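Engineer: Okay, here's the prediction I keep looking at, along with the sequence it came from:
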Amino acid sequence: MIPVVYSNLCPVCGGDLESKEIEECVCFRKKKKLCHYPEDFLLEEFIEFFRKCVGEPRAIQKMWAKRILRRESFAATAPTGVGKTSFGLAMSLFLALRGKRCYIVFPTSLLVIQAAETVKSMWRRLVFRLMKSSSATITADSRKVRRKTSCRT
Ligand SMILES: [Zn+2]
């Protein structure tokens, strides 16, 4: 590829933008990513959230999450069992905790009931993990307190 320099068009530093920087998606002067979406911080949060309430997300679920968080409109098509519903429910729970509303349409009332039960179990898993991690912190802190008090006496 012929090296190209775009004068003063770097979106990060405002200086020259070289083709090598575009290929690597990094501003060499400021050492920052060029293709940064602010929503990508939320993506990491969502992936961690998904791990806590569902499990390890599949690559396609991560891609759907990225697209939703970037506010893209798209149709998630995948065979049965890939995780469209669990993804949609986890994403709706994630967004609901951030004050957003989601609408998920199901063809039957039985599926709505099942989805509601799934969301409740996701919520329970999330709360259980939060309680578990906070009790571990409390236990660690109480040990420190005990050690400090035993040193004084
Ligand atoms: Zn730059």
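Structural biologist: Arrived safely, thanks for sending. Numbers count the residues shown, from 1 in each chain.

Engineer: Just give the number of residues close to the residue nearest to Gly88 when sequence neighbours are not counted.
Structural biologist: Of all residues not flanking Gly88 in the chain, Ile104 sits nearest, at 5.4 Å (C-beta to C-beta, 6 or more residues apart in numbering). Where you see a C-beta, it was placed from the backbone N, CA and C, and this is true even at glycine. Counted with other C-beta atoms under 10 Å, the neighbours of Ile104 add up to 13.

Engineer: Give me the pLDDT value at Ile104.
Structural biologist: The model reports Ile104 with a pLDDT of 91.

Engineer: Which residues are in contact with it?
Structural biologist: Residues near Ile104 by C-beta atoms under 8 Å, 6 or more residues apart in numbering: Gly88, Leu89, Ser92, Ala115.

Engineer: do you know how far it is from Pro3?
Structural biologist: Distance of Ile104 to Pro3, computed by C-beta to C-beta, to the nearest Å: 49 Å.

Engineer: quick one: contacts for the residue most central in space within the chain?
Structural biologist: Per C-alpha atoms, centre = their mean, the C-alpha nearest to the average position across the chain is that of Phe46, at 2.1 Å. Residues near Phe46 by C-beta under 8 Å, 6+ apart: Ala65, Leu69, Met91, Phe94.

Engineer: The last one and Phe49 touch, don't they?
Structural biologist: When you say that, I think you mean Phe94. Yes. Using C-beta atoms under 8 Å, Phe94 makes contact with Phe49 at a distance of 5.1 Å.

Engineer: State whether the residue nearest to the centre of the chain is indeed within a helix.
Structural biologist: Yes. Secondary structure of Phe46, determined by DSSP: H, G, I helix; E, B strand; the rest coil: located in a helix.
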